[in-house]
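3D model of this:
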Amino acid sequence: MLFSAVLALASAAAAAPTLDRRTFLPIVDTDAGIIKGKFSSDYTVASFYNIPYAAPPVGNLRFRPPQPPAAFSGVYDATKMGNSCMQGPAPQFNGGVNQKNSEDCLNLNIFVPTEGVVAGDLLNLPVVVYIYGGSFNDGYNNLPIYDGANVIKAQPLFGRSIIVVPNYRTNIFGFATSNELLAEGGVNVGLLDQKAVFEWVRNNIGNFGGDPNKVTAWGESAGAINIATHMVSGDVTKPLFDRAVLESGALFAFANIPLTTQTAFNALATKFNCSAPVLDCLRKVPAEDLRVAAANAGVSYLPAVDGKYVKQQPQVALSKGQIYKIPAIILDNNDEGTYFTTSITTPEALDALQNSFSFLGDAGLAAAKQMYSVANFGSPIAAGANFYGDAVFKCPDRQLAKALTAAGAKVYKGRFSIKPTINLAAGDAFFSAIGVYHTAEMAFVWNYSPLLNQTNYEKSISQKMINTWSDFFAGSPFPGLLTAGINWPTYGSTGKRLVWSSTGTSVETEPADFAARCDFWNTASLGFSTAINGA
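Predicted coordinates:
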């Protein structure tokens, strides 16, 4: 049993939180030991912070897959936030505080509803595991925007969820690729951290009142790309999760292989005078020194083909129909590319951006430059933003929607078309110029008040989005229909998508010119991935 509105001390169900009469704090009895959390100030949410799901990846465990955590000794204090994984300073516009970088960071935060419904109905709640974004370089679960209590408080009374927000390793600590790491099984450890989280949730969330058979993976940007990568990896007949919500991200054009990263890895080893065995040497380098050097190494840290979990190029797996056959919400924003291309103000800068996509080859680059020309888009910055946004976010989203639909899964495709009216420390001037930018929807789906205008339509739209997402978490085949008055059709063969705008929602079919551009990107990505698959 969880807690009634007045926190009555009724008898507890066997596998749910109870109340410690002495401390007035929620406690959970798990196989690893007793966990003590804390209530929100209004006692509507019980929060459990810094729960270890794996052993600290320090010393000899640096660059290795996650190992089981130690059992708790006595009562584990989950009332205080834990460490962040190694990374640079957090972006301030998402409330970059509570950052304490350490390699000892494989923890998760759990948010559990504690009031508002009949206690017995709280058992077997839907579970949401959020995988944060951050370009595979940063991100952490203690960012204020990831406070699951805010989502729970906004969810429908009889449609609440348990929200789990884990840390996972990023940058060189989570996504380094080299022949040495490949031989040792140390490729994709950030992805394997996430896999360990989903396994931990399946095995333990029942102790918190959650349903281990109703788990949704939710992620944005790199988080969504991670989720999509899981969906074509491992044993796709045994999904790690049952539903997916992907915002602004799906599969990249290709996954890393040592061929694309070994030279930079060797240079990094040379910088620290590391000779064979290289990994033993790099494990002794101070974590911050290694992080800074790796950030300047000229490597894109991405998931990689490891032959064990990511067994082939994800694009190749997708082309074979090897994918989780699960329902999904897939959302992207109007102007996904603008945040990344504000410097593309001249034809020369546009040309340099397009040339950086060298995997297209000479013929592909020529076609892309013709398609994304100043003549077609009106200015270098518009051409660059559409080029980048289509290639990295919008077209992979469409590709995944089509693949899931072809596999027989229900897909709810959306377009977010609301320009936020409030921004924080990064500056209003910057954001005012980039439209409905990458991450624009985040405050809405997280009910993050500092970035939601309380005097216009934003709070109302946020409520409708949270209701709709919550319906989907709970398994509704008609998300938003009863709780938000929204009729969201499935993507289907006609490419229908729901548009979220300041005046409400509407349904559209994706434009033919956009579909043609995406067909170009998807063909090019599969061609290159096929060429390097197994290289």
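
so where does Ala267 fall, helix or strand?
Element membership for Ala267, per DSSP states H and E: helix 258-271.

quick one, longest strand in the chain?
Longest strand in the chain by number of residues (criterion: DSSP state E): strand 210-220.

tell me the mean pLDDT for that strand?
Strand 210-220 shows a mean pLDDT of 97 in the predicted model.

next: stretch 527-535.
For stretch 527-535, the mean per-residue pLDDT is 86.

do stretch 487-499 as well
Stretch 487-499 shows a mean pLDDT of 95.

do the same with stretch 264-276
93.

contacting residues around that stretch?
Identification of contacts with stretch 264-276 by C-beta atoms under 8 Å, 6 or more residues apart in numbering yields 172, 176-178, 180, 258, 278, 281-282, 285, 289-290, 293-294, 297-299. Just so you know, the C-beta spots here come from the backbone N, C-alpha and C atoms, and that holds for glycine as well.

any of those residues buried? List them.
A residue is treated as buried here by neighbour count (16 or more other C-beta atoms under 10 Å); on that basis the buried members of these are 172, 176-178, 180, 258, 278, 282, 285, 290, 294, 297, 299.

in the stretch 101-250 of the chain, where is pLDDT below threshold?
Counting by pLDDT under 70, the ranges of the stretch 101-250 of the chain that qualify are 115-122.

can you tell me how far the residue nearest in space to the middle of the chain sits from Gly59?
With distances taken as C-alpha atoms, centre = their mean, the chain has Gly223 as the residue nearest its mean C-alpha position (2.0 Å). Per C-beta to C-beta, to the nearest Å, Gly223 is found 28 Å from Gly59.

do the same with Asn203
Relative to Gly59, and taking C-beta to C-beta, Asn203 is found at 26 Å.

among those two, which residue is more densely surrounded?
Neighbours were counted for Asn203 and for Gly59 using other C-beta atoms under 10 Å; Asn203 has more, 13 against 10.

what's the burial count for the residue nearest to the more buried one when sequence neighbours are not counted?
Using C-beta to C-beta, 6 or more residues apart in numbering and skipping residues adjacent in sequence, the residue nearest Asn203 is Pro212, 7.4 Å away. By the criterion of other C-beta under 10 Å, Pro212 has 14 neighbours.

what of the one 10 residues further on?
Each residue near Ala222 was counted by other C-beta under 10 Å, and the total is 26.

with the one 5 residues further on instead?
Neighbour count of Ile227, defined by other C-beta under 10 Å: 28.

how far away from the center of its chain is the helix or strand where it lies?
When secondary structure is defined by DSSP H and E, Ile227 falls within helix 222-231. Chain-centre distance of helix 222-231: 7 Å, with C-alpha atoms, centre = their mean, to the nearest Å.

after it, heading C-terminal, what element do we hit next?
Proceeding N to C from helix 222-231, the next assigned helix or strand is strand 243-247, under DSSP H and E.

strand partners (parallel or antiparallel) of that following strand?
In the sheet containing strand 243-247, its partner strands are strand 210-220 (parallel), strand 328-333 (parallel), by DSSP bridges.

with distance to Tyr437 added, can I get the ones you listed in CSV?
As requested, the strands paired with strand 243-247 are exported to CSV (distance: least, C-beta to C-beta, whole Å):
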stretch, distance to Tyr437
strand 210-220, 13
strand 328-333, 7
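
deepest in the core, which of these is it.
Compared across the strands paired with strand 243-247, strand 328-333 shows the largest average neighbour count, a mean of 26 (mean count of other C-beta atoms under 10 Å).

now the following helix or strand past that one: average pLDDT?
Remark: after strand 328-333, the chain's next helix or strand is helix 347-355, criterion DSSP H and E. Helix 347-355 shows an average pLDDT of 97 in the prediction.
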